[in-house]
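Novice: I need the structure of the sequence given here:
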Amino acid sequence: MRQMYCFPLIQGIGAKAAPTVVKGDNICRGQLLAYIEEGKMGCPIYSSVFGIVKEVSENEIVIDADEKQEATYIKLTETEPLKLIQKAGIIGLGGAGFPTYVKLSGKFQGEGTVIINAAECEPILEHNIRAIEENPKQLLRGLEIAMDITGAKRGIIAIKEIHEKAITKLKEALGESEQKEKIRVTLLPNMYPMGEERAVIRETLGKLLSVTSLPLEADAIVINAETACRIQEAVDLKKPLIDKNMTVAGKIKGCEKENIIKVLMDVPIGKSVGSILDEQGGCREGYGEIIMGGPFTGKRTEPDKPVVKTTGGLIVTECFPKGPEKIGLLVCACGADEKRLREIAESLGSSVVGVESCKQAIPVKNTLKCENPGKCPGQVQKIMKLKKAGAQAVLISNCTDCSNTVMSCAPKLGLPVYHCTDQANRAVNIKLIRKIH
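Specialist: Below you'll find the model as predicted:
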């Protein structure tokens, strides 16, 4: 059965890519669909399938994919590692999608450290850890390439201490590496948001950056684990970024008991959410929503939307319960923003009567940044303000520690607590984010 693959012309941070194809063109896997004009920052887009261009619009390219597909692809022609990374269209695959070549374009003036963020920060998501367990040498090779490009003298792989198998595999692979004296594995506590960039730097280098500081101020660069693996593919295999690892989880037919969370490797970018879920069994009747991303920071999506470069998860959540008539929102810089919380409140059938931000959330360029990610000073005053505004319950997007402090006061004030991750976590039968025990 033929499928339509959709390729948005903006994927990540930067300029819109300009199409190089027209309707009716025959397309090969790995063929350039849209390029970034000289002097602009952004990422080119490549086809992940063989097929025919069905549509070229202002914002996307649609390909009618051939029924029979092959794993082969058109290889990149550049020879310099940094140029290969740029031409491959590699971006940060664990966050906003900042172009990786820009991060790596400057040489360190001091010793310099490249940090691989392998925290797998969000609950439910497992694809980064699975990739490390299955092929740790690929991650190490990606790190070594990044160190060589930037002139970094040190490399660090930051990973949560609970991932024992992946840690063992990494250390075994590191023991065989020629760079083993320069690279170390640092263990992170099992708390959210240990994968936040400044939290990773704090835990690995002992430096707490300000909310407006970049990692370079700590003489460091932070790269997502899958990004490092795709760097290896671009440089060693001349492969553009056309496939994506992801976690698929929740209320999916056939996954009612043991296999509630699945890891899919090398899903072609542009494939529709609905087709991916259908191939895994399809959504069970009576689900709440489909989240693209993780429970904390993911966004609601629809079956006809495409997988993009930054897609890390597809979660089919549990149904929303009936919420209170009036609810207050406590927005955390590390979790769902106000818009997302309002969306959840509407699904609960609740009217928002008050909005407060976490005590440590600082406005920075139309977003919020946490002063010290994962370490909370207490939220009593914020909860009391929401109570005074008429809230009968609170809906929060707080990190592990902040949620713990909310639970120390909200119930005592007669306010039930809802969390932005609840319906995703319920769908896979894992513990709700509440009080730390």
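Novice: C-alpha only now, for contacts and for neighbours.
Specialist: Fine.
Novice: Quick one, grab the pLDDT at Gly254.
Specialist: Turning to Gly254, the model gives it a pLDDT of 74.
Novice: in the strand or helix carrying Met384, what counts as buried?
Specialist: In this assignment (DSSP states H and E), Met384 forms part of helix 380-388. Residues of helix 380-388 classed as buried by neighbour count (16 or more other C-alpha atoms under 10 Å): Val380, Lys382, Ile383, Leu386, Lys387.
Novice: For the spatially most central residue of the chain, list the residues it contacts.
Specialist: Per C-alpha atoms, centre = their mean, the C-alpha nearest to the average position across the chain is that of Gly94, at 3.3 Å. Going by C-alpha atoms under 8 Å, 6 or more residues apart in numbering, Gly94 touches Asn224, Glu226, Thr227, Thr310, Gly312.
Novice: quick one: secondary structure of it?
Specialist: Secondary structure assignment for Gly94 (DSSP: H, G, I helix; E, B strand; the rest coil): coil.
Novice: Starting from Ile116, give me the distance back to it.
Specialist: According to C-alpha to C-alpha, to the nearest Å, Gly94 and Ile116 sit 11 Å apart.
Novice: same thing with Ile36?
Specialist: Using C-alpha to C-alpha, Ile36 is found at 27 Å from Ile116.
Novice: Remind me what the helix holding Met384 packs against, helices and strands.
Specialist: The contact analysis (3 or more C-alpha pairs under 8 Å, 6 or more residues apart in numbering; DSSP states H and E) places helix 380-388 against strand 326-331, strand 351-357, helix 400-407.
Novice: what lines up beside the shortest one in the sheet?
Specialist: Note on strand 326-331: by DSSP bridges, its sheet partners are strand 351-357 (parallel), strand 394-396 (parallel).
Novice: of the buried residues of helix 380-388, closest to Gln31?
Specialist: Lowest distance from Gln31 to the buried residues of helix 380-388 (C-alpha to C-alpha) belongs to Lys382, with 52.3 Å.
Novice: What's the separation between the closest one and Gly151?
Specialist: To Gly151, Lys382 is 46 Å away according to C-alpha to C-alpha.
Novice: what's the answer for Thr400, then?
Specialist: From Thr400 over to Gly151 the distance is 36 Å, taken as C-alpha to C-alpha.
Novice: Same check on Thr405?
Specialist: Distance of Thr405 to Gly151, given as C-alpha to C-alpha: 43 Å.
Novice: just to revisit the earlier point, could you redo the helices and strands packed on helix 380-388 as a markdown table and give each row mean neighbour count, distance to Glu176 and mean pLDDT?
Specialist: Converted to a markdown table, those look like this (neighbours: other C-alpha atoms under 10 Å; distance: least, C-alpha to C-alpha, whole Å; pLDDT from 0 to 100):
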| stretch | mean neighbour count | distance to Glu176 | mean pLDDT |
| --- | --- | --- | --- |
| strand 326-331 | 26 | 46 | 98 |
| strand 351-357 | 19 | 48 | 97 |
| helix 400-407 | 22 | 37 | 92 |
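Novice: before we move on, what SS does Ile156 have?
Specialist: Following three-state DSSP, the label given to Ile156 is strand.
Novice: Write down the beta-bridge partners of it, one by one.
Specialist: Beta-bridge partners of Ile156, counted by DSSP bridges, are Ile115, Arg184.
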